[in-house]
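Undergrad: Would you be able to build a 3D model of this:
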Amino acid sequence: QAPKPSEKPAEKPAAAQQESYWISVAPERPFSELTVAEKVVETSKDVGSIGVILAGLGLAGVFLGGLAMELFSSESPEKIQKTAVTKVQQDMRVSDLTGGEVRLPTKPGQIRYSEYRVGATDYLRMEFMVRGNIREGRVKLEMKRPVDKSQPYRYR
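TA: This is a model prediction of the structure:
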């Protein structure tokens with residue numbers, strides 16, 4: 001029950017004295033009792049809210065999909081770098097030059113890469129550092145994906 005305007009709310013203890021405001025809320029009428037104009041307004045509010053929610057869900061899906069593709073894709077720069085390091089480690093010429101076992105430096109994120117397209121062919125250039133017991137070196141690679149996307153990149 002809402003108090004009458006002439007009534008004051010009950011006094012509160014001195015420690016919890018705050019101003020209080022009474023808000024009168026009119027009861028909502030059922031949808032069937034609304035006029036046509038009021039029904040249009042209510043429906044528009046509902047459709048607008050649903051549209052905002054769906055747009056938010058769509059954006060979240062696009063963001064999470066892009067993040068998953070970057071993290072779990074076999075064509076992410078980190079996975080390509082791991083494959084290239086494996087190929088470099090298996091090359092005896094590189095291990096002779098660096099002085100033994102070839103490994104990546106401890107600083108993460110030191111991969112430089114760029115992707116570009118010439119005609120219908122996709123290319124990827126990448127550059128990163130490797131370290132051996134005696135020397136360290138820079139690995140530069142260029143990968144070309146054939147027009148037939150079912151085949152893997154070709155290392156040059």
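Undergrad: any idea which element Met129 lies in?
TA: Taking DSSP states H and E as the definition, Met129 sits inside strand 121-131.
Undergrad: Point out the other elements, helices or strands, that the next helix or strand after that strand touches.
TA: For strand 121-131, the following helix or strand on the C-terminal side (DSSP H and E) is strand 136-145. Under the contact criterion of 3 or more Cβ pairs under 8 Å, 6 or more residues apart in numbering; DSSP states H and E, strand 136-145 touches helix 77-90, helix 92-98, strand 121-131, strand 154-155. (Each C-beta comes from the backbone N, C-alpha and C, glycine too.)
Undergrad: Return strand 136-145 as CSV; C-alpha atoms alone will do.
TA: Extracted C-alpha coordinates of strand 136-145, given in CSV (Å, rounded to 0.1, in the frame of the first residue of the first chain):
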residue,chain,number,x,y,z
GLU,A,136,72.1,-17.1,-33.2
GLY,A,137,70.6,-16.5,-36.5
ARG,A,138,67.6,-15.1,-38.3
VAL,A,139,65.2,-17.4,-40.1
LYS,A,140,63.4,-15.8,-43.1
LEU,A,141,60.8,-17.8,-44.9
GLU,A,142,58.2,-17.3,-47.6
MET,A,143,55.3,-19.6,-48.0
LYS,A,144,53.1,-19.9,-51.0
ARG,A,145,49.7,-21.5,-51.0
